[in-house]
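# Predicted model and sequence below, questions to follow.
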Amino acid sequence: MDINFNKNEDHNKLLLSELNKHLAIVKLGGGKSKIEKHHSKGKMTARERVNYLLDDKAKSIEIAVFAGEDMYEEHGGCPSGGVVIKIGYIKGKQCIVVANDATVKAGAWFPITGKKNLRAQEIAIENKLPIIYLVDSAGVYLPMQDEIFPDKEHFGRIFRNNAIMSSMGITQIAAVMGSCVAGGAYLPIMSDEALIVDKTGSIFLAGSYLVKAAIGETIDNETLGGATTHCEISGVTDYKAKDDADALDTIKRLIDKIGDYDKAGFNRNDAIKPKENPEDIYGIIPKSRADQYDMYEIIKRLVDNSEFDEYKAGYGKTIITCYARIDGWAVGIVANQRKLVKNAKGEMQFGGVIYNDSADKATRFIANCNQKKIPLVFLQDVTGFMVGSKSEHGGIIKDGAKMVNAVSNSVVPKFTIIIGNSYGAGNYAMCGKAYDPRLIVAWPSAELAVMSGNSAAKVLLQIEKASLEKQGEKFTKEKEEELYNKIKDRYDNQVSPYYAAARIWTDAIINPLDTRTWISMGIEAANHAPIEKKFNLGVLQV
């Protein structure tokens, strides 16, 4: 191993250590004291409920664990968006579980909470996955009600999605394990079956204080909307549970009796581990996002037996297109090559840049995968499309548009792994969040932005400099350096993978060694939903 490999390995393992520290903190939710208070009521925490429900020792993946990171600090923060979401297995059946975290502001809904819940429902709808709601929420966080209540992608969309999923035959089960108030009370009733925990669960449109204020009636919350009321009088809920464990055990038995599902029919063989050591990834990914490396070496450490069949190997070399298997599943891989390559004319092409020929190749390959019903995996480390007169005269905009068109109209499931750079239109062409990947995750080495912090700082500095000089201010070298560093620090914070994950631009930041699990479980989920649309590129300027 060379010295650069060792330096890269040290750097990337440090990033992984920071990731694990972040995870440990965010998984405490509202903090140890809030957890103890929750336990004193005889209740499990949201994470304990989800882990109890999912099969022991089976794999699971968590969606948007960093939602809300460093957001809403003036309101005390909202760790993990106040909700825990995992895709896992219940009695061997793949499901998605959504659990309100009542240790975070009593499970109240912040704007990011709504976005995260809608993401869970989107995953369930796209993949026709059974979804289980573990409800324990005080409802909308009133100080921010204008950002969570009235718009199309706000709180009310949850119930619209309940109705849509019901019409699609997607199983929905809700367990009321704490508060379930106001508009939120509709969720369990719009699910197929609803459970409620005796003495701790309650459902009502208005609590006892509001009832007293509104109509003058004096009544306690348990009589108003407790388990006995809703299981024996109103008929709102279907099962009364004595405690959290009893409710979760009931859900397990209900899921265990669900029939098999129609499959999309994606090809799968027995899984084979990569022949090349996946841990080498830490030494291959460079410390600097500007440095070059060979993406083939990454692919070899992600695919079964480190084997792949490359499509158009000698053409459009800044994008690698190949067929392979990941955990047994057949996949088509579209990856940015990150080292300098030489084209057929002997011209050097920059790694990570999409040229005319590479965009053309990727478009054809995406069409082939759609025709063969092969899921697509995008490995992003892209700085954008090639610029300059030569590329413009060669029609880079047209070739880039073709690639974006193919990604947009693709009907096979797409999965995006952001390994390094994800800049500008390159993010779009390589299936960024706006292009509906079934799952999109980032490695700790990822950066997402219009351009790098260094490039952006230089552009913004020139604008600021021109503005100040226009006002007659003298611009010294020291002042220029100070302003540059200030701009770059601010911009670097925004390109961080944590900034993106906090806003659910990605579903997770993951250990690179978990990439195979995410892709495999993602394709398994997608296999629940047969493809009903035909691939059609529409109108193209050839």
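Received, thanks.
# What separation is there between Ile127 and Ile523?
Wrong residue type there; residue 127 is Asn, not Ile. Distance check for Asn127 against Ile523: by CB to CB, to the nearest Å, it reads 10 Å. Every C-beta, even on glycine, is put in place using the N, C-alpha and C of the backbone.
# Could you check which of those two has the larger neighbour count?
Just comparing Asn127 and Ile523: by other CB atoms under 10 Å the higher neighbour count belongs to Ile523, 27 against 23.
# what sits up against the helix or strand where Glu478 lies?
Using DSSP states H and E, Glu478 maps to helix 477-495. Residues outside helix 477-495 that contact it (CB atoms under 8 Å, 6 or more residues apart in numbering) are 447-449, 452-454, 456-458, 460-461, 464-465, 499.
# what distance separates it from the centre of its chain?
30 Å (CA atoms, centre = their mean, to the nearest Å).
# Who are the packing partners of the helix or strand following that helix?
Moving toward the C-terminus from helix 477-495, the next helix or strand (DSSP H and E) is helix 497-502. Using 3 or more CB pairs under 8 Å, 6 or more residues apart in numbering; DSSP states H and E as the contact criterion, the secondary-structure elements in contact with helix 497-502 are strand 439-442, strand 447-449, strand 508-509.
# Quick check: phi and psi on Ser179?
phi -70, psi 150 (degrees, to the nearest 10).
# Tell me if I'm right that it and Ala108 touch.
No: taking contact to mean CB atoms under 8 Å, the distance of 9.5 Å between Ser179 and Ala108 leaves them out of contact.
# circling back to that earlier point, CA-only coordinates of the helix holding Glu478 in CSV, if you can.
Coordinates of the C-alpha atoms in helix 477-495 are reproduced here as CSV (Å, rounded to 0.1, in the frame of the first residue of the first chain):
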residue,chain,number,x,y,z
LYS,A,477,-5.2,41.5,0.1
GLU,A,478,-5.9,40.9,3.8
LYS,A,479,-9.5,41.9,3.4
GLU,A,480,-9.9,39.8,0.3
GLU,A,481,-8.5,36.7,2.1
GLU,A,482,-10.8,37.3,5.1
LEU,A,483,-13.9,37.7,3.0
TYR,A,484,-12.9,34.6,0.9
ASN,A,485,-12.5,32.4,4.0
LYS,A,486,-15.8,33.7,5.5
ILE,A,487,-17.7,32.9,2.3
LYS,A,488,-16.0,29.5,1.9
ASP,A,489,-16.7,28.5,5.5
ARG,A,490,-20.4,29.3,5.1
TYR,A,491,-20.6,27.5,1.8
ASP,A,492,-18.7,24.4,3.0
ASN,A,493,-21.2,24.0,5.7
GLN,A,494,-24.0,23.8,3.1
VAL,A,495,-22.2,21.3,0.9
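# Report the buried residues of that helix.
For helix 477-495, burial by neighbour count (16 or more other CB atoms under 10 Å) applies to 483-484, 487-488, 491-492, 495.
# Could you chop the chain up by domain?
With domains defined by the TED database, the chain comprises 31-256, 279-446+506-528, 453-495.
# can you redo these as TSV with mean pLDDT and distance to Ile3?
Compiled in TSV, these are given as follows (pLDDT from 0 to 100; distance: least, CB to CB, whole Å):
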stretch	mean pLDDT	distance to Ile3
domain 31-256	92	33
domain 279-446+506-528	95	11
domain 453-495	78	24
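# Output these in a markdown table, with distance to Asp10 appended to each entry.
Output for the domains of the chain, formatted as a markdown table (distance: least, CB to CB, whole Å):
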| stretch | distance to Asp10 |
| --- | --- |
| domain 31-256 | 24 |
| domain 279-446+506-528 | 9 |
| domain 453-495 | 21 |
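# Asn269 is nearest to which of those?
Asn269 sits nearest to domain 279-446+506-528 of all the domains of the chain, at 4.9 Å, using CB to CB.
# Who does the closest residue to Asn267 other than its chain neighbours form a beta bridge with?
Computed as CB to CB, 6 or more residues apart in numbering, the closest residue to Asn267 that is not its neighbour in sequence is Ala330, at 4.0 Å. With beta bridges defined as DSSP bridges, Ala330 has these partners: Arg325.
# Mind telling me what element Ile463 is part of?
Of the helices and strands defined by DSSP H and E, Ile463 is found in helix 453-470.
# buried sites along that helix?
By neighbour count, and taking 16+ other CB under 10 Å as the criterion, the buried residues in helix 453-470 are 453, 455-457, 460-461, 464-465.
# what's next to it, contact-wise?
The contact list for helix 453-470, computed with CB under 8 Å, 6+ apart, reads 290, 447, 449-451, 475, 480, 483-484, 487-488, 491-492, 495.
# Among the buried residues of helix 477-495, which one lies nearest to Lys152?
Nearest to Lys152, judged by CB to CB, of the buried residues of helix 477-495 is Val495 at 28.6 Å.
# who's in contact with the closest residue to Tyr52 other than its chain neighbours?
By the measure of CB to CB, 6+ apart, the closest residue to Tyr52 outside its immediate chain neighbours is Leu248, 5.2 Å from it. Counting by CB under 8 Å, 6+ apart, Leu248 touches 49, 52-53, 175.
# Ranking by neighbours, what's the top pick from those residues?
Ranked by neighbour count under the definition other CB under 10 Å, those are headed by Ala175 with 30 neighbours.
# and it, what is it in contact with?
With contact taken as CB under 8 Å, 6+ apart, Ala175 is in contact with 132-135, 188, 194-197, 201, 241, 247-248, 250-251.
# Then Lys287?
For Lys287, counting by CB under 8 Å, 6+ apart, the contacting residues are 7-8, 11-12.
# TSV for those residues, including pLDDT?
Below are those laid out as TSV (pLDDT from 0 to 100):
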residue	pLDDT
Lys7	96
Asn8	96
His11	97
Asn12	97
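# among these, who's most crowded?
Using other CB under 10 Å as the contact criterion, the top neighbour count among the contacts of Lys287 goes to Asn8, which has 23 neighbours.
# Which residue, neighbours along the chain excluded, lies closest to it?
Excluding the flanking residues, the one nearest Asn8 by CB to CB, 6+ apart is Gly283, at 5.0 Å.
# what about that neighbour, which helix or strand?
Under the criterion DSSP H and E, the helix or strand holding Gly283 is helix 281-284.
# Give me the distance between Asn117 and Pro444.
Applying CB to CB, one obtains 26 Å for the distance of Asn117 from Pro444.
# Ile519 now?
18 Å.
# do the same with Phe365
Counting by CB to CB, the gap between Phe365 and Pro444 amounts to 28 Å.
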